[in-house]
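Chemist: Sequence and predicted structure, then a few things I'm wondering about:
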There are 2 protein chains.
Amino acid sequence: MRIVVARCTVDYEGRLAAHLPEAVRLIMVKADGSIAIHADGGAYKPLNWMNPPNTVNEDPECWTVTNPRGEKLVINIAEILSDVSHELGGDPGLRKDGVEAHLQELLAADPSVLEEGYRLVRREYPTAVGPVDLLCRDAAGAAVAVEVKRRGETNGVEQLSRYLEFLNADPALQPVQGMLVAEEIKPQARVLADARGIRCKVVDYSALRGTKPEDLRLF
Amino acid sequence: MRIVVARCTVDYEGRLAAHLPEAVRLIMVKADGSIAIHADGGAYKPLNWMNPPNTVNEDPECWTVTNPRGEKLVINIAEILSDVSHELGGDPGLRKDGVEAHLQELLAADPSVLEEGYRLVRREYPTAVGPVDLLCRDAAGAAVAVEVKRRGETNGVEQLSRYLEFLNADPALQPVQGMLVAEEIKPQARVLADARGIRCKVVDYSALRGTKPEDLRLF
DNA sequence: GACTCTATCTCGGTA
DNA sequence: TACCGAGGTAGAGTC
């Protein structure tokens, strides 16, 4: 990884066009060829960047970075204040716990948590507008489409509505009920779900996880 | 801006839980208090980060970063390889051209690009569920609600559907047609739009811009 | 402050 | 490879 601090202007042409007037900034060049230009603020997002793979043509006063997608970044360097490199080596990577996928896993393993008698038909049940998280049958044998979210928002209701629209066109399934499952459901999502006849179910990830065997835990 | 290169492990507890095994990484501390931990690859996104405002408790071997939202980042430092600071100063900021707003501007200036005979009624036409990008009348005088996107996805179709639902409740307008306009329209969005009776129209920003007067260009 | 929507989103999974 | 959905989305604008 190479870290350059320089007074520079930057121009990007690609998915849009963008320009940075002259100022002192940090230029980060990673081993995989990605380039990011940072100001001293604005959280982790750089002002400008190029994703790999890149080709860099480095003149003393002008770096021209291009990639196969036809994007181009031009850095005009007025003054270099620092230029150092470090060998970082590979990274073992990040391990996450508590995302939607884990919640979906737990619910697929035991859908009766959602309601007594629920049985799983399939995870990621396909429709023309995308896969439903869980397709279940209730105790009476009726189909239920389940959308799993970490946080239930109107988005999730819309998504589930789309699926139901298409699932209910299938004579083998209809009528299909909808159920939005999340650790937390926003009031607006609840109102919309009610209006659409979709049920809401709040679950607790850590509680579910506590009742499950060790092999579903990451750490 | 402070740049530390160190062999470290990192643990985050907050909106989820995440863990990084020991490796050499770059830690970027910005003037606004944001912290980002980078590996030597993976585009511009850091492995782990904390957005401001943060409180940092810096022991030699363990940094504890907390914020008011109850998130916590713990960096255990095994070895510091480099630790430097640079004064960057403020940044004049980025100027962009080619985002959705510009596309909307061009189409508002000449809606006949969408279809022969289209006239603009209003930009950002208000409804109870938010403003429609463009409200037009076609050659026959019928109302058309236009949603403008850079990339047309199912989201955009949902958004337009909501507007149409409310617009069609207005006797002065109904019946209102829907049109999704974008530089690129995804297959799923097309399927959904068809199912809802919404038309799709692909436009080219740079071509439109080329036919427009100078004053709509930023640089 | 909460809500809404855009984004050069990034990233991972999958067909 | 392209498409699709999740994200600790971040960030900007509006109310």
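Modeler: In hand now; what should we look at?

Chemist: okay, and for chain A, where does confidence drop off?
Modeler: A:211-219 (pLDDT under 70).

Chemist: And the residue in it positioned nearest to DNA strand D, how far from chain B?
Modeler: Closest approach between chain A and DNA strand D, counting by CB to the nearest atom of the strand: residue A:130, at 2.3 Å. For every residue, glycine as well, the C-beta is placed using N, CA and C. Look at residue A:130 and chain B: by CB to the nearest CB, to the nearest Å, they are 6 Å apart.

Chemist: Could you give the number of residues near that residue?
Modeler: Neighbour count of residue A:130, defined by other CB atoms under 10 Å in any protein chain shown: 15.

Chemist: can you give me the strands in chain A?
Modeler: A:2-13, A:17-29, A:35-38, A:48-50, A:55-58, A:62-66, A:72-85, A:95-97, A:119-125, A:132-137, A:143-152, A:176-185, A:199-202 (DSSP state E).

Chemist: So which other helices or strands are in contact with the fourth one?
Modeler: Contact analysis of strand A:48-50 by 3 or more CB pairs under 8 Å, 6 or more residues apart in numbering or on different chains; DSSP states H and E lists strand A:2-13, strand A:35-38, strand A:72-85 as its packing neighbours.

Chemist: Any idea which of those gets closest to residue B:98?
Modeler: Proximity to residue B:98 (CB to CB) singles out strand A:2-13 among those, at 9.4 Å.

Chemist: and that closest one with strand B:17-29, angle?
Modeler: With axes from the mean of the first three to the mean of the last three CA atoms, to 10 degrees applied, the angle from strand A:2-13 to strand B:17-29 works out at 90 degrees.

Chemist: which one of the helices and strands packed on strand A:48-50 lies closest to residue B:92?
Modeler: Per CB to CB, nearest to residue B:92 of those: strand A:2-13, 9.9 Å.

Chemist: and the closest one, how far from the chain's centre?
Modeler: In terms of CA atoms, centre = their mean, to the nearest Å, the centre of strand A:2-13 is found 28 Å from the chain centre.

Chemist: burial of residue A:62, as a residue count?
Modeler: When counting by other CB under 10 Å, one arrives at 13 neighbours for residue A:62.

Chemist: Residue A:164 now?
Modeler: Using other CB under 10 Å: residue A:164 sits among 23 other residues.

Chemist: quick one: contacts for it?
Modeler: With contact taken as CB atoms under 8 Å, 6 or more residues apart in numbering or on different chains, residue A:164 is in contact with A:145, A:176, A:178, A:198.

Chemist: Quick one: the strands of chain A as a markdown table, columns for distance to residue B:106 too.
Modeler: Converted to a markdown table, those look like this (distance: least, CB to CB, whole Å):
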| stretch | distance to residue B:106 |
| --- | --- |
| strand A:2-13 | 19 |
| strand A:17-29 | 15 |
| strand A:35-38 | 29 |
| strand A:48-50 | 25 |
| strand A:55-58 | 33 |
| strand A:62-66 | 28 |
| strand A:72-85 | 23 |
| strand A:95-97 | 42 |
| strand A:119-125 | 40 |
| strand A:132-137 | 39 |
| strand A:143-152 | 36 |
| strand A:176-185 | 39 |
| strand A:199-202 | 42 |
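
Chemist: and residue B:123, which of the ones you listed is closest to it?
Modeler: Nearest to residue B:123 among the strands of chain A is strand A:17-29; the distance by CB to CB comes to 22.8 Å.

Chemist: so does that closest one get close to DNA strand C?
Modeler: Yes. Contact of strand A:17-29 with DNA strand C is found when judged by CB under 7 Å from any atom of the strand, involving residue A:18.

Chemist: Residue numbers of chain A in contact with DNA strand D?
Modeler: Checking chain A against DNA strand D by CB under 7 Å from any atom of the strand, the hits are A:42-45, A:96, A:99-101, A:129-131, A:133, A:149-151, A:159.

Chemist: give me the number of residues near the closest residue in space to residue A:142 that isn't next to it in sequence?
Modeler: In this structure, residue A:142 finds its nearest non-sequential neighbour in residue A:177, 6.4 Å apart by CB to CB, 6 or more residues apart in numbering or on different chains. If you count neighbours by other CB under 10 Å, residue A:177 ends up with 17.

Chemist: Equivalent analysis for residue A:61, please.
Modeler: The number of residues near residue A:61, taken as other CB under 10 Å, comes to 12.

Chemist: Residue A:74 is in contact with that one, correct?
Modeler: No. Contact criterion CB atoms under 8 Å: residue A:61 and residue A:74 do not qualify, at 11.0 Å.

Chemist: mind listing what's buried in the helix ranked longest in chain A?
Modeler: Counting by DSSP state H, the longest helix found in chain A is helix A:154-167. Buried residues in helix A:154-167, counted by 16 or more other CB atoms under 10 Å in any protein chain shown: A:154-167.

Chemist: ok, the residues you listed vs residue B:124, which is closest?
Modeler: Closest approach to residue B:124 among the buried residues of helix A:154-167 (CB to CB): residue A:154, at 20.9 Å.

Chemist: from memory the closest one sits against residue A:188, does it?
Modeler: Yes. Assessed by CB under 8 Å, residue A:154 is found in contact with residue A:188 at 5.5 Å.

Chemist: still on that earlier bit, enumerate every residue touching the residue of chain A closest to DNA strand D.
Modeler: The neighbourhood of residue A:130, defined by CB under 8 Å, 6+ apart, consists of A:159, A:162, A:163, B:154, B:188.

Chemist: Get me the contact residues on chain A for DNA strand C.
Modeler: Counting by CB under 7 Å from any atom of the strand, chain A sits next to DNA strand C at A:12, A:14-16, A:18, A:48-51, A:71, A:73, A:93, A:153-154, A:186-188.

Chemist: Can you give me the buried ones in stretch A:69-87?
Modeler: Applying a neighbour-count criterion of 16+ other CB under 10 Å, one finds A:71, A:73, A:74, A:75, A:76, A:77, A:86 buried in stretch A:69-87.

Chemist: measure the fourth one to DNA strand C for me?
Modeler: Meaning residue A:75. Per CB to the nearest atom of the strand, to the nearest Å, residue A:75 is found 11 Å from DNA strand C.
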